[in-house]
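In: Turn this into a model:
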Amino acid sequence: MSIPSWKVAGAAAAVTLWLGLAAPPARAISVYQRETVQCREAMECPGSPLAGSCLAPLRSKAEAGDGAAMACMGIASETGAGVPRSIDAALKWYRLSADKQHPIGQLGLAYLYLAGNGVPKDPAQGAKLVRLAAEQGYERAQDTLGDLLAEGYGVEKDLAAAALWYRRAAEQGYVQAQLDLSFAYGQGRGIERDLGQSLRWMTAAAEGGHPDAQFRLGQVYSLGQAIKLDYEKAAHWWRLAAERGHPEAQYQLGVMFRDGVWVRKDPAQARAWFMRAAAQKHPQAMAELKSTR
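Out: Numbering: from 1, shown residues only. Below is the predicted model of the structure:
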């Protein structure tokens, strides 16, 4: 499965999505890559939910038939968190959890079918499982169902339905869905184009800590499109994104400190940010470091 073309953008996009000239970047590896799911509710254990002393009570609950614990054992097995990494074991636990109608298990199993990981690729079956989880109100599944509907992967393409599912997840505070809804409003994909609503949801995602939303909000303020130009806010959001590891934001900060744009010129700071971006293979940052050796 290829990454949807509308979710791919150049590393150095210099215009906002609102103009229709830039698209959101691909999510890490794949739109359908399962995010880490917190499993604290499946055990009476503080701290990291999939490591150390938490695994013993988790396994006990899973073996006793607890659907949430089964799902979490699936995640542990898939990622190798505290147990040997095994897709076969993950598949077993996700199936058992899905049979209990647990949404995390349904979504975990869905991703295996969507990617053909441990099972023959079956987009229709994956989409069916995603919908079952989404209809239970699971926000990650709702956002994923929006992706599937927007791309027509495993289901008939339906942009209006995609926007609806993004909204349901966004209203639960799920930051990826908030950004997806912002993109939908910004491009008029399945919903009437509304730059005010696009900004509203992008800001919500940025305030929720989504690094790409933070970077893009910085872009909006730096260009002054549909909002008052504000370089101080642009730099603020870029720094937050950069500190969360966003390579383009790191590069932008490097340029700012190199040229003294909106900040006092600081070659040492500039180089530090270029190095952080270059460590993530950002091509312009790598070229910058090479040219200043």
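
In: Tell me how many other residues crowd Ala98.
Out: Residue neighbour count, defined by other C-beta atoms under 10 Å, stands at 24 for Ala98. To be clear about C-beta, it is placed using only N, CA and C from the backbone, and glycine gets the same treatment.

In: what does Asp88 give?
Out: Neighbours around Asp88, by other C-beta under 10 Å: 9.

In: Could you check the pLDDT of it?
Out: Asp88 carries a pLDDT score of 97 in this model.

In: what's the helix or strand for it?
Out: Secondary structure assigned from DSSP states H and E places Asp88 in helix 87-99.

In: Look up how far Leu132 lies from Ser97.
Out: For Ser97, the distance to Leu132 equals 12 Å [C-beta to C-beta, to the nearest Å].

In: I should have written Arg264 there, sorry.
Out: For Arg264, the distance to Leu132 (C-beta to C-beta) stands at 55 Å.

In: More neighbours: the two, which one.
Out: Relative neighbour count places Leu132 above the other of Arg264 and Leu132, with 19 against 8, counting by other C-beta under 10 Å.

In: Figure out the helix or strand that that one lives in.
Out: Element membership of Leu132 [criterion: DSSP H and E] is helix 123-134.

In: Just list what that helix packs against, helices and strands only.
Out: Contacting helix 123-134 under the criterion 3 or more C-beta pairs under 8 Å, 6 or more residues apart in numbering; DSSP states H and E are the following elements: helix 103-115, helix 139-151.

In: I'd like these laid out as a markdown table, including mean pLDDT and mean neighbour count.
Out: Listed next are the helices and strands packed on helix 123-134 as a markdown table, based on pLDDT from 0 to 100; neighbours: other C-beta atoms under 10 Å:
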| stretch | mean pLDDT | mean neighbour count |
| --- | --- | --- |
| helix 103-115 | 93 | 27 |
| helix 139-151 | 95 | 26 |
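
In: any chance of those helices in a markdown table, with distance to Val175 too?
Out: Converted to a markdown table, these look like this (distance: least, C-beta to C-beta, whole Å):
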| stretch | distance to Val175 |
| --- | --- |
| helix 103-115 | 17 |
| helix 139-151 | 10 |
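
In: Low-confidence ranges, the stretch 51-200 of the chain, go.
Out: Flagging of the stretch 51-200 of the chain using pLDDT under 70 yields the residue ranges 51-54.

In: so how many other residues sit close to the closest residue to Val83 other than its chain neighbours?
Out: Computed as C-beta to C-beta, 6 or more residues apart in numbering, the closest residue to Val83 that is not its neighbour in sequence is Ala76, at 5.1 Å. For Ala76, the number of neighbouring residues by other C-beta under 10 Å comes to 27.

In: list the contacts for Ala76?
Out: In this structure, Ala76 makes contact with Leu50, Leu55, Leu58, Gly82, Val83, judged by C-beta atoms under 8 Å, 6 or more residues apart in numbering.

In: That's all I had, so thanks and see you.
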